[in-house]
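Colleague: Quick one: sequence and predicted model below, then my questions.
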Number of protein chains: 2
Amino acid sequence: MGLLYLMKQQTLPYEMHHGDCLQILQNLPDASVDAIITDPPYSSGGAFRSDRMGKTTEKYTLGGTKVKRPAFSGDNRDQRSFAFWCTLWLQECYRVAKEGAPICVFTDWRQLPITTDVFQAAGFVWRGVPVWDKTPACRPIKGRFAHQSEFIVFGSKGPMPVERGVGCLAGVFPIVVKQADKFHITGKPVELMKRLIEVTKPGDIVLDPFAGSGSTGVAAIQTGRRFIGIEMEQSYFDIANHRLSQNV
Amino acid sequence: MGLLYLMKQQTLPYEMHHGDCLQILQNLPDASVDAIITDPPYSSGGAFRSDRMGKTTEKYTLGGTKVKRPAFSGDNRDQRSFAFWCTLWLQECYRVAKEGAPICVFTDWRQLPITTDVFQAAGFVWRGVPVWDKTPACRPIKGRFAHQSEFIVFGSKGPMPVERGVGCLAGVFPIVVKQADKFHITGKPVELMKRLIEVTKPGDIVLDPFAGSGSTGVAAIQTGRRFIGIEMEQSYFDIANHRLSQNV
DNA sequence: TGTAGGTATGAATCCGACT
DNA sequence: AAGTCGGATTCATACCTAC
């Protein structure tokens, strides 16, 4: 068992950890990862509160389309605890990241301002907001602009030299969601994650503290990077492990 | 003279005001416009004050650019005064807007969080962030994601009924900037403005307190809307007037 | 009218030198 | 030592010119 674990450690380009990312991150050493690419739960503030209240809010439909909450609830506790929690795990990410490591954090339009706040509160330098254009594969709303994009808060741990063996990257990624490519209700296309991972170099270690079904890891492995993933839900942890093992 | 003015008022689908928008807006009556679509100075760019303080012509067009365009002012505020100033003119816009009027405010990635703050501080309901994808015609940066998009903070004055005679709108607009279509250093393509203006109905009065070279107005007139524009710079005011007169 | 090839452009940013 | 200044950089696309 111990030997098998050792062999895995040496051979596999990935490792998955099962548990709460705040706790797992604390066990990772300082300055040990080259990049962070992650897709945290967007409205966790609400989830936290309902956790405390002992019931879950139905935030997602079965089809996988996200149901937005109505116009601003004015309940600041949600927003504040979301911000606080984000700052905690981002601070751990900061410690674990090497100097100059790039970081990409997904968010939606509603949480974008908070995300840029906590991103910088944790110490990262904010360097832009690339856009995932889901292309007209989203729910149209009459008289309004479609919520057709998700946003990626991008930056680095401290200065980030221009010349580091990485080419020029686009700023908008028009990529359709394919249902077949979707193992998690908020799962991102592997093709999209591959585009983001181009901000790293082959061989780099990419950390995803909210691995979900492991799309970041699949993209990392397929492009010659190494991967460290953390996932709390048993079922998604299993799916991620399975998908990653298929892609070695 | 007075008669001519009256005739103009009755015939022309637009009116341009020359002056500071804070002062001009105060002279507009309450609840008199159907929509606001505008592109204020971003006061963005540059980690150093001196980078922001430069002339707008040099700030935005350095790097071998040959075509010279007039500079514009009001683009050198720091974050706090930018926020304060935005709240002032947005509050006036709020007063001038009819109940339920949609509003679109352009911003860049750096000022996006501040813009959503002042937008709501002025009383508007925030409803989304449609994206202008400038498509790969932007300055590339090695090792980073290109700043390839600008953002539109979208919302309304109070509730906005879904059924109001307006169709479904996209959430990302991939539109290239054409030189021939650019009369201002930061001018927006008329085609883009036409897409945004679809959030209004034909015959609606669209207000742009930072009219610049008048692209919003041109789009408004070409799509059968009426237009009220305000511009402070004499040279751009003249350009806007000329372009609008050509499009009646 | 069409094609090919050269050039201009971009709502910046980095970095070293200097005050 | 924090703040300023100025030169170098990046490449896909649009536009222009020549044939």
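Modeller: In hand now; what should we look at? Numbering: from 1, shown residues only, chains lettered A, B, ... in the order given.

Colleague: residues of stretch A:203-216 that come out buried?
Modeller: A:204-216 (16 or more other C-beta atoms under 10 Å in any protein chain shown). Heads up, the C-betas are built off the backbone N, CA and C, glycines and all.

Colleague: and these as CSV, adding secondary structure, pLDDT and distance to A:Gly155?
Modeller: Listed next are the buried residues of stretch A:203-216 as CSV, based on DSSP: H, G, I helix; E, B strand; the rest coil; pLDDT from 0 to 100; distance: C-beta to C-beta, whole Å:
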residue, secondary structure, pLDDT, distance to A:Gly155
A:Asp204, coil, 97, 17
A:Ile205, strand, 98, 18
A:Val206, strand, 98, 16
A:Leu207, strand, 98, 15
A:Asp208, strand, 98, 16
A:Pro209, coil, 98, 16
A:Phe210, coil, 98, 18
A:Ala211, coil, 98, 21
A:Gly212, coil, 97, 22
A:Ser213, coil, 96, 25
A:Gly214, coil, 97, 24
A:Ser215, helix, 97, 21
A:Thr216, helix, 98, 17
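
Colleague: can you tell me which of the residues you listed lies nearest to chain B?
Modeller: A:Asp204 (12.6 Å; C-beta to the nearest C-beta).

Colleague: list the contacts for the nearest residue to the closest one once chain neighbours are set aside?
Modeller: Leaving aside its chain neighbours, A:Asp204 sits nearest to A:Asp34 (3.7 Å; criterion: C-beta to C-beta, 6 or more residues apart in numbering or on different chains). Listed by C-beta atoms under 8 Å, 6 or more residues apart in numbering or on different chains, the contact set of A:Asp34 reads A:Ala97, A:Lys98, A:Ala101, A:Thr200, A:Lys201, A:Asp204, A:Ile205, A:Val206.

Colleague: Please name the residues that touch the most centrally placed residue in chain A.
Modeller: Geometric centre of chain A, nearest residue: A:Thr38, 1.6 Å, by C-alpha atoms, centre = their mean. The contact partners of A:Thr38, taken as C-beta under 8 Å, 6+ apart, are A:Cys104, A:Val105, A:Phe106, A:Leu207, A:Asp208, A:Pro209, A:Phe210, A:Thr216.

Colleague: looking at this, the first one is in a strand?
Modeller: Read that as A:Cys104. Yes. Checked against DSSP: H, G, I helix; E, B strand; the rest coil, A:Cys104 lies within a strand.

Colleague: quick one: contacts for the residue lying closest to A:Gln111 once chain neighbours are set aside?
Modeller: Nearest-residue entry for A:Gln111: A:Tyr42, 5.2 Å, with adjacent residues in sequence omitted and distances by C-beta to C-beta, 6+ apart. A:Tyr42 makes contact with A:Phe106, A:Thr107, A:Asp108, A:Arg110, A:Gln111, A:Thr186, according to C-beta under 8 Å, 6+ apart.

Colleague: can you put the residues you listed in CSV and add pLDDT?
Modeller: Formatted as CSV, the contacts of A:Tyr42 follow (pLDDT from 0 to 100):
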residue, pLDDT
A:Phe106, 97
A:Thr107, 96
A:Asp108, 95
A:Arg110, 95
A:Gln111, 96
A:Thr186, 79
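
Colleague: Also within reach of DNA strand C: list those from the residues you listed.
Modeller: Subset of those in contact with DNA strand C: empty, counting by C-beta under 7 Å from any atom of the strand.

Colleague: Can you tell me which of those residues is closest to DNA strand C?
Modeller: Nearest to DNA strand C out of those is A:Thr107 (C-beta to the nearest atom of the strand; 19.0 Å).

Colleague: Can you get me a residue count around the closest residue to DNA strand C within chain A?
Modeller: Evaluated by C-beta to the nearest atom of the strand, chain A has A:Pro161 as its residue closest to DNA strand C, separated by 3.7 Å. Number of residues near A:Pro161 (other C-beta atoms under 10 Å in any protein chain shown) recorded here: 11.

Colleague: need the contacts of A:Thr38 in a markdown table with distance to A:Arg226, can you?
Modeller: What follows is the contacts of A:Thr38, written out as a markdown table (distance: C-beta to C-beta, whole Å):
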| residue | distance to A:Arg226 |
| --- | --- |
| A:Cys104 | 17 |
| A:Val105 | 20 |
| A:Phe106 | 21 |
| A:Leu207 | 10 |
| A:Asp208 | 12 |
| A:Pro209 | 15 |
| A:Phe210 | 18 |
| A:Thr216 | 12 |
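
Colleague: For these, work out which two are farthest apart.
Modeller: A:Phe106 and A:Leu207 (14.3 Å; C-beta to C-beta).

Colleague: so how far is the lengthiest helix in chain A off the chain centroid?
Modeller: Ranked by residue count and defined by DSSP state H, the top helix of chain A is helix A:76-96. Per C-alpha atoms, centre = their mean, to the nearest Å, the displacement of helix A:76-96 from the mean C-alpha position of its chain is 14 Å.

Colleague: Which residues of chain A lie near DNA strand D?
Modeller: Residues of chain A lying near DNA strand D (C-beta under 7 Å from any atom of the strand): A:Val162, A:Glu163, A:Gly167, A:Cys168.

Colleague: what about the strands in chain A?
Modeller: A:14-18, A:35-38, A:102-107, A:125-128, A:131-133, A:149-156, A:172-174, A:205-208, A:226-231 (DSSP state E).

Colleague: Out of those, the one nearest B:Lys59 is which?
Modeller: Once those are compared by C-beta to C-beta, strand A:125-128 is nearest, at 18.1 Å.

Colleague: Chain neighbours aside, what residue packs nearest to A:Ile37?
Modeller: A:Cys104 (4.6 Å).

Colleague: circling back to that earlier point, the residue nearest to the centre of chain A and A:Phe154, how far apart?
Modeller: The span separating A:Thr38 from A:Phe154 equals 12 Å under the rule C-beta to C-beta, to the nearest Å.

Colleague: Identify the contacts common to these two.
Modeller: Common neighbours of A:Thr38 and A:Phe154 (C-beta under 8 Å, 6+ apart) are A:Cys104, A:Val105.

Colleague: in chain A, which ranges drop under the pLDDT threshold?
Modeller: Chain A contains residues with pLDDT under 70 at A:1-10, A:44-77, A:137.

Colleague: near DNA strand C, which residues of it?
Modeller: Contacts of chain A with DNA strand C, taken as C-beta under 7 Å from any atom of the strand, map to A:Arg127, A:Gly128, A:Pro159, A:Met160, A:Pro161, A:Val162.

Colleague: ok, and the most crowded of these?
Modeller: When the residues of chain A next to DNA strand C are compared by neighbour count (other C-beta under 10 Å), A:Gly128 ends up highest, at 21 neighbours.

Colleague: wait, it sits on B:Gln148?
Modeller: No. A:Gly128 is beyond contact range of B:Gln148, at 9.3 Å (criterion: C-beta atoms under 8 Å).

Colleague: Give me the common contacts of those two.
Modeller: Common neighbours of A:Gly128 and B:Gln148, using C-beta under 8 Å, 6+ apart, are A:Gly171.
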